[in-house]
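Peer 1: What shape does this take:
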Amino acid sequence: MKSTKNQITPPRLAEKLLCWFLKDELAEEVQGDLEEKFYLKIRLNSLKEARRNYWVQVFGYLRPFALKKINSPRLFGINNNTMFKHNLLISYRNLLKNKTYSLINIGGLAAGMTVALLIGLWVNDELSFNKYHENYDRIVQVLHQRERNNGEVMTNTSQVSQLGPHLKENYPHFFDKVVLMPYRTDEVLLSVDRNSFNQTGRYMQPDGPELLGLKMIHGTRLGLEDMNSIMLSESLSKKLFGQADPMGQLVKLRAMTDMIVTGIYKDIPKNSAFRDAQFVAPLRLFYNNDPEFFKWDNYNMAVFGELKAGVDPKVVSEAIEETMFPHMKGKSKPRAFVMPMAEWHLNAYYENGIRKTSPRLRFIWIYTTIGIFVLLLACTNFMSLSTARSQKRMREVGVRKAIGSMRSQLIRQFLSESFLFVLLAFAFSIIAIAAILPWFNGIAEKTIPLPFSNPSFWLYSVIFIVTTALLSGAYPAFYLSSFKPIQALRGTSKFGNGGKRSRQGLVVFQFTISIALVIGTIAIHNQTQFAKNRPVGYSQEGLMTVRAQNREYAGIFETLQTELKKTGVVTEIAQAAYPLTNTLGQNQGFEWTGQSEEREFSFNTVFVRPEYGRTVGWKILQGRDFNEDIASDLNSGVIISESAAKIMNLDDPIGMKIRNKDGFNGKNEYTIIGVATDMIKESPFEPPMPAFIFPLNADLRYLLIRVNPNVSLSEALPKIENTWRTLAPTHPFRYSFIDDQYALKFKEEERISSLVTLFSVLAILISVLGLYGLASFVAEQRTKEVGIRKILGAPLLNLWKLLTSDFAVLIMIASIIAVPISYSSLSRWLDSYQYRIGLDWWIFVVAIVSTLVVTLLIVSIQTIKAASANPVKSLRSE
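Peer 2: A predicted model of the protein is given here:
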């Protein structure tokens, strides 16, 4: 089809490429099919997507059945084909002839490509987040911003329950669907006969499965119409029912409510915001069909919507900004806006109401930069070793030029070698990735596959191979092909200090990256250990927790407490409304004498049994702990945390009153009876949240059990479980230890540390391989000099200094460059933590010294080998 100014045509370059390699008898039919798909894609998607798809389809025909014969003159030309085979043969012979050099180069390139490909797969997974959902480009979440009394603007995803019906009723021209889900996800007990599992799921309104675009295996997306219906993920269905047909079967929720299975959907992938939805159930079940649920004063819901086709989210945000104003009290009112699904994962980070670069997006930049530099590291290895071997290839170049070879032909020859090395390295890197990927997925919490069946993967792989081959081989090809024939044949070609300085520059570049990565690895590890060693304000050892799962738990606390203590394996037992390792339960509106009117504080408010302090092992700094025998403690007592006393500006808070004008748990006033140490419940890298702890003699959801430190866990756990099953036979005994829960808070930092350590090890391995090869060639080039010095009586130490001094100087230059770069980058990273280490001088010294020691060790091996050789043989070597 001819192109005109007003016509949209397939990419011309792609068409030419297709005609170049495709068999003539297939060309017309294939071009016609691809054109039809191209115009169909424009109608269904966009011109950009149509062009991308056309390229993918073209590369999809790079298969043996569709290619022109390799000896076709129209494809390569007879001469070009012969030259191609010749270059390939010469490259193969050189590879076999110089096995050590070849292994070093292939190993270095393979390590660099492995890092780059792993990071590329990870970045692609991050950038494709949420794209699993059918209407990805139209799904939004409603957020709001609200200004506090101190002027700080908070951005929240939690919404009042009435906002959903309000948007649906008043803005039908914007929204196809509006769906409410609880703001927090929760694990619930699901059981079928004796099979029971704690699973995380989502409660949602009936339009929820359609909004998410669940891919149904059995049933339809209309499966939440009935209040007692439930839809299961494929993996959960197999856990509960095995291979039996689950449709219409009963599942017991929390061991007390019978639910009918109305649908099975494919597991939602991990790179989705809804990956935790192992089941979906009706929202009406969550609020027990209470007509009073929909209110304007309880921020407990997340609101999602599907916009109508063509609706701009910015227009919607402007329209609904003040929609909550008439229904809210107080001066500061929430301003609503919508955030498209495309921004949830990487662009949903706000500070004081202003969107900032999110930590996740920062990690993408960091890892991408590391991947690029490690690949460049491998390429510089190839360049430095290739130019170092120039002396050995002079005569080869001289002979070729003397018999008429053009410089362009020599460049093609040397580029052919680099392509051969890169192809082999790519093959080894794919094998390495296949072996590493399960471990990598475990560290990164991903399920990234090797996408062999995806044509795009092979398209990008071809681009990746070509780019790497050109990066690593272009400079050596132009350098080696530049020798003058007469001087090359004599082996006397001189280039001044240019070649030497180029190699020195490459070595400095290599070790700058390696030293920077080592410094980063040490700093990240120390930051994680610093937070791990932070006092948590309570005793974690032997402290376990059990969460209430059904009604059988109610009313058994006193009996359970007595019976467990009788066993001798438990010293204390208590209950709390929230887990010990998070700050759920945050409230404002508290007043006290001397309070500053300019600021409004939020406190972590937790209801506990009076035995709580003795069970968790906190320390009372002022006043006393709760006493269950003192009625006033239970009626109106409160213990505040150390940080709460500080922000309340109370030096002697014992006996002071805390008031809440709207009432809190049915009371307007509480008396402070004690000040406890701060407990690190949320991020161990942030200051503790000020807390109020209130006693309550009632059933609370989380049970805390302190195991006797003189009894082994192997002895204690069976006795605790037997006592539990006696008192609550249908309630599952599912426990976890507090220290394990607390350790989960370091997962992100440990993930970063593990990945950076992996990349650092591979970068150092690449540098060491290159250094070993370069040191070998330097020692070989100076064989005669070493022999002469040895005959003249030079000791081994002097010879060692001679051959290692240059490398030591290069390491020091690399250190001078790496230290300020590392310091600047790590300072910015550490600034995101309020509880952080300092960048002590020893971190940099350890990185530099360790790199220097490794370098000298590698060079020394070659030095000792050269110095130990027979000087007579050394003098004859040339």
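
Peer 1: What segments of the stretch 101-250 of the chain are strands?
Peer 2: Secondary structure of the stretch 101-250 of the chain, counting by DSSP state E, counting those that start in this stretch: strands at 139-147, 153-156, 159-160, 175-182, 186-192, 195-204, 216-219, 229-233, 250-253.

Peer 1: Is it possible to get JSON lines of the ones you listed that adds mean pLDDT?
Peer 2: Output for the strands of the stretch 101-250 of the chain, formatted as JSON lines (pLDDT from 0 to 100):
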{"stretch": "strand 139-147", "mean pLDDT": "92"}
{"stretch": "strand 153-156", "mean pLDDT": "87"}
{"stretch": "strand 159-160", "mean pLDDT": "91"}
{"stretch": "strand 175-182", "mean pLDDT": "94"}
{"stretch": "strand 186-192", "mean pLDDT": "85"}
{"stretch": "strand 195-204", "mean pLDDT": "88"}
{"stretch": "strand 216-219", "mean pLDDT": "94"}
{"stretch": "strand 229-233", "mean pLDDT": "95"}
{"stretch": "strand 250-253", "mean pLDDT": "91"}
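
Peer 1: Serialize these to CSV and add fields for mean neighbour count.
Peer 2: To be clear about C-beta, it is placed using only N, CA and C from the backbone, and glycine gets the same treatment. Listed next are the strands of the stretch 101-250 of the chain as CSV, based on neighbours: other CB atoms under 10 Å:
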stretch, mean neighbour count
strand 139-147, 21
strand 153-156, 16
strand 159-160, 22
strand 175-182, 22
strand 186-192, 18
strand 195-204, 18
strand 216-219, 17
strand 229-233, 26
strand 250-253, 18
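
Peer 1: who wins for proximity to Gln586 among these?
Peer 2: Closest to Gln586 of the strands of the stretch 101-250 of the chain, according to CB to CB: strand 153-156, at 11.4 Å.

Peer 1: how about the nearest residue to Glu721, chain neighbours excluded?
Peer 2: Closest residue to Glu721 apart from its sequence neighbours, by CB to CB, 6 or more residues apart in numbering: Phe733 at 4.9 Å.

Peer 1: In CSV, list the C-alpha atoms belonging to stretch 220-229.
Peer 2: The C-alpha trace of stretch 220-229 is given here as CSV (Å, rounded to 0.1, in the frame of the first residue of the first chain):
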residue,chain,number,x,y,z
THR,A,220,-20.0,-15.9,36.2
ARG,A,221,-19.0,-12.5,37.7
LEU,A,222,-22.6,-12.1,39.0
GLY,A,223,-21.9,-14.5,41.8
LEU,A,224,-22.2,-12.1,44.8
GLU,A,225,-25.9,-11.3,44.5
ASP,A,226,-26.8,-13.6,47.4
MET,A,227,-25.6,-12.5,50.9
ASN,A,228,-24.3,-16.0,51.7
SER,A,229,-22.4,-16.5,48.4
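
Peer 1: Return the set of buried residues in that stretch.
Peer 2: Burial within stretch 220-229, assessed by neighbour count using 16 or more other CB atoms under 10 Å, is assigned to 221, 223-224, 228-229.

Peer 1: rewinding a little: select, out of the strands of the stretch 101-250 of the chain, the one closest to Ser332.
Peer 2: strand 139-147 (4.8 Å).

Peer 1: where's that closest one relative to the chain centroid, distance-wise?
Peer 2: Here strand 139-147 is found 25 Å from its chain centre; the criterion is CA atoms, centre = their mean, to the nearest Å.

Peer 1: go on, stretch 222-239?
Peer 2: The chain centre lies 30 Å from the centre of stretch 222-239; the measure is CA atoms, centre = their mean.

Peer 1: ok, back up a step: among the buried residues of stretch 220-229, which two are most distant?
Peer 2: Arg221 and Asn228 (17.8 Å).

Peer 1: by contact count, what packs against the helix or strand containing Val374?
Peer 2: In the assignment (DSSP states H and E), Val374 maps to helix 359-388. With contacts taken as 3 or more CB pairs under 8 Å, 6 or more residues apart in numbering; DSSP states H and E, helix 359-388 sits against helix 99-127, helix 407-444, helix 455-480, helix 498-532, helix 747-781.

Peer 1: go with 10 Å
Peer 2: Applying 3 or more CB pairs under 10 Å, 6 or more residues apart in numbering; DSSP states H and E, one finds that helix 359-388 makes contact with helix 99-127, helix 407-444, helix 455-480, helix 498-532, helix 747-781, helix 796-830.

Peer 1: Let's have these in JSON lines, adding distance to Asn45 and mean neighbour count.
Peer 2: Listed next are the helices and strands packed on helix 359-388 as JSON lines, based on distance: least, CB to CB, whole Å; neighbours: other CB atoms under 10 Å:
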{"stretch": "helix 99-127", "distance to Asn45": "18", "mean neighbour count": "21"}
{"stretch": "helix 407-444", "distance to Asn45": "30", "mean neighbour count": "18"}
{"stretch": "helix 455-480", "distance to Asn45": "15", "mean neighbour count": "18"}
{"stretch": "helix 498-532", "distance to Asn45": "41", "mean neighbour count": "21"}
{"stretch": "helix 747-781", "distance to Asn45": "35", "mean neighbour count": "20"}
{"stretch": "helix 796-830", "distance to Asn45": "39", "mean neighbour count": "16"}
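
Peer 1: Mind checking those helices for the one nearest to Asn195?
Peer 2: helix 407-444 (26.2 Å).

Peer 1: average pLDDT across the closest one?
Peer 2: What helix 407-444 shows for mean pLDDT is 83.
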